[in-house]
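# Attaching a predicted model along with its sequence, questions to come.
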Amino acid sequence: MPSELVLTADAVRLNRTATGRTDAIDQCGALLVELGAVEPGYVSAMHEREASVPTFVGEGVAIPHGTDASRSLVRRTALAVVQFPDGVDWGGPTVHVAIGIAASGEEHLGVLSSLAGILTDPDRAARLRAAATPSDVVELLGPVRNG
């Protein structure tokens, strides 16, 4: 049976700016903390992950998330979507949407796989980059189904 991760409008921030990749990851992490999905230490683990394995997935989208060791800092599985219309230099590629992921255990790979499947659709990714309201983002990304 597929598991479902419901994205809600309170987990979406549109029309943001970032000074660079580090700032963008900080914004995603802070939103996950604000949502009560992770302990504050998870944000550092997101930077650790990015330093070892960049999270750019194509189509102007990155999916920053913590390291395997940081899963104990996850309170509940959640997504945090932050849109950067002017783009953020992601160490070469430009990112317009960063989707912070908090997941523990086996959920982690399922969420990553499901998001990658959604974001490899260029039309859907373009609509995500241009989303005007949180409900547009929720409609495009939620619910994320695994299985």
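In hand now; what should we look at?
# gap between the two ends of stretch 26-43?
Stretch 26-43 has an end-to-end distance of 7 Å (criterion: Cα to Cα, to the nearest Å).
# what comes into contact with it?
10-11, 13, 16, 18, 25, 46, 64, 66, 70, 73-78, 80, 82, 98-100, 102 (Cβ atoms under 8 Å, 6 or more residues apart in numbering). Heads up, the C-betas are built off the backbone N, CA and C, glycines and all.
# How about stretch 83-99?
Contacts for stretch 83-99 (Cβ under 8 Å, 6+ apart): 12-18, 20-21, 23-25, 27-28, 54, 56, 58, 60-64, 79-82, 115, 128-129, 131, 137, 141.
# Kindly supply the ChimeraX command isolating those of the residues you listed that are buried.
This is the ChimeraX syntax for the buried subset of those, where burial follows 16 or more other Cβ atoms under 10 Å:
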select :12,13,14,18,21,24,25,27,28,56,60,61,62,63,64,79,80,81,82,115,128,129,131,137,141
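# for the closest residue to residue 49 other than its chain neighbours, what are its contacts?
Nearest-residue entry for residue 49: residue 67, 4.9 Å, with adjacent residues in sequence omitted and distances by Cβ to Cβ, 6 or more residues apart in numbering. By Cβ under 8 Å, 6+ apart, the residues touching residue 67 are 45, 48, 49, 52.
# what's the spacing between the second one and residue 42?
Applying Cβ to Cβ, to the nearest Å, one obtains 10 Å for the distance of residue 48 from residue 42.
# For those two, list the residues in contact with both.
Contacts common to residue 48 and residue 42, judged by Cβ under 8 Å, 6+ apart, are 66, 70.
# More neighbours: those two, which one.
When neighbours are counted by other Cβ atoms under 10 Å, residue 48 and residue 42 differ, and residue 42 comes out ahead with 23 against 14.
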